[in-house]
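Novice: can't give you the sequence, but here's the structure:
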Ligand SMILES: NC(=O)C1=CN([C@@H]2O[C@H](COP(=O)(O)OP(=O)(O)OC[C@H]3O[C@@H](n4cnc5c(N)ncnc54)[C@H](OP(=O)(O)O)[C@@H]3O)[C@@H](O)[C@H]2O)C=CC1
Ligand SMILES: O=C1CO[C@H](CO)[C@@H](O)[C@@H]1O
C-alpha cells in the first residue's frame, strides 16, 4: 500500500505538536511543510525530517507531492486556505474552529461535496481513546440515562494584546479557541442543544476572556460548561447519569485515563498508555477515511462541525462579539425571525 502523503501549512505551536506525534500514527508520510518564512520552513523540515519545504502556502497547495493538507494557522485564515485546498483537489484536515462562523463552514462543505474532496475539522479530542471509552460506557448504559455534562477548558493565555488569542482581528477570545472543546463534548453526547444560555466576561481587547454556558435539551439533559483564558483549573470533565457517573481525568480533552463510578461508589478505572499527546489518532482517522474514499469522517461529520459552530455563533450573537468582515448579526436575526429561529435569551 502506498503511504498517504501529508503536507502541513504553518510552523507555529500546534504544527510542532502535530508533527512530533505524526510518527505515532499507524501510517502516512509527513512529506512537506509550508511557511511564510524560508527559515521557518527549512528549520521545521530539518527538525521533523520532512523532505520538502515550501516558502509559500499556495505552492504546497498546488504541488503534486501531497495528498492531504493539515492547516495549522490562526482561525481567520482557515476559510481561504481550506477553500484553496478543495479547489486544488487536496484533502484537508483543518484546525478548529473549522471556520469562524457557520455560514463559512456551510459554504466549504458545499464546495467539498461538489468537488468530491475529503474535509475534516481537526477535532482531535474525538479520536482520543478515553473519549472512545466514554462513548462506549454511555451507549452501553453503564451510567444509566445521561443527565448532565460538566466540562471546562481553562488556561492562562498570554496577555499580549497582539497575541492571536487576545486580538479581535485574528478571531481571538476563549469561546472559539477553547470553549469549542466543552461544547464539543456536550454535543457529542447529547446532540444539538435546544436551549443556549451564557454569561461572558469581555477583556480589555474586546474579546471574550471568560464565560460560562448552560445548554439544555428537550430530553431533560443539561450541560454546564466554562472556558477561560484568565484562570487555572484542573480541567476535568464529569458526566452524570441516573446510575452513576464518569470522571475524565485532567486534562479531559487530552486525557489518558477515566473512571466509571456507580451509585454504590464502586469504581472502574481505565488507563491508556499511548505515546505523545494524542494527535496521531486524528491522523489515523484521516488516513482510514482516505483509504475508504470517504468525503467526511463518520465520527466527526460535517454536520457535527456545523452544529458546533452554530452554537458558538449563537453565543457570540448573544455576547455581541463579532469579528471584522462578518455580516451584521442583527440583520441576520431579523431574517431568522421569519424562519422561527428559537433564540433563548437569559
Ligand atoms: N488541536 C489543538 O490542540 C490546538 C489547536 N490549535 C489551533 O491551531 C491554530 C493555530 O494556533 P497556534 O498554533 O497556537 O498558533 P501560532 O500563532 O503558534 O501558529 C500559527 C502559525 O500560522 C501561520 N500563520 C499564518 N498566518 C498567520 C498570521 N496572520 N499570524 C500569525 N501566524 C500566521 C504561522 O506559520 P508560518 O510563520 O510558518 O507561516 C504561524 O506560526 C488555531 O486555529 C488554533 O485554534 C492551536 C493549539 C492547539
Ligand atoms: O486547541 C487548543 C488546545 O490548547 C491550547 C492551549 O494550550 C489552545 O490555545 C488551543 O487552541
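Specialist: Cool, got the structure. Model, not experiment: these values are computed from the prediction. Residues are numbered from 1 along each chain as shown. Ligands and ions are numbered 1, 2, ... in the order given.

Novice: and the residue of the chain found nearest ligand 2, what is it in contact with?
Specialist: Distances from the chain to ligand 2, computed as Cβ to the nearest ligand atom, single out residue 177 as the nearest residue at 4.5 Å. Where C-beta positions appear, they are placed from N, C-alpha and C, glycine not excepted. Taking Cβ atoms under 8 Å, 6 or more residues apart in numbering as the criterion, residue 177 is in contact with 75, 97, 165, 229.

Novice: Among these, which one is most surrounded by other residues?
Specialist: Ranked by neighbour count under the definition other Cβ atoms under 10 Å, the contacts of residue 177 are headed by residue 229 with 28 neighbours.

Novice: where's the closest residue in space to that residue that isn't next to it in sequence relative to residue 164, distance?
Specialist: Excluding its sequence neighbours, the residue lying closest to residue 229 (Cβ to Cβ, 6 or more residues apart in numbering) is residue 157, at 3.8 Å. When distances are taken as Cβ to Cβ, to the nearest Å, residue 157 and residue 164 turn out to be 9 Å apart.

Novice: Residue 258 contacts residue 133, correct?
Specialist: Yes - in this structure residue 258 lies within contact range of residue 133 using Cβ atoms under 8 Å: 6.1 Å.

Novice: Flag the shaky bits of the protein, pLDDT-wise.
Specialist: By pLDDT under 70, the weakly predicted segments of the chain are 1, 330-346.

Novice: Enumerate the residues of it near ligand 1.
Specialist: Among all residues of the chain, those adjacent to ligand 1 (criterion: Cβ under 6 Å from any ligand atom) are 10-14, 35-37, 40, 72-75, 77, 95-96, 122, 124, 164, 177.

Novice: ok, of these, which come out buried?
Specialist: The neighbour-count test (16 or more other Cβ atoms under 10 Å) marks 10-11, 14, 35, 40, 72-75, 77, 95-96, 122, 124, 164, 177 as buried among those.

Novice: And the residue of the protein closest to ligand 1?
Specialist: Closest contact between the chain and ligand 1, by Cβ to the nearest ligand atom, is at residue 12 (1.7 Å).
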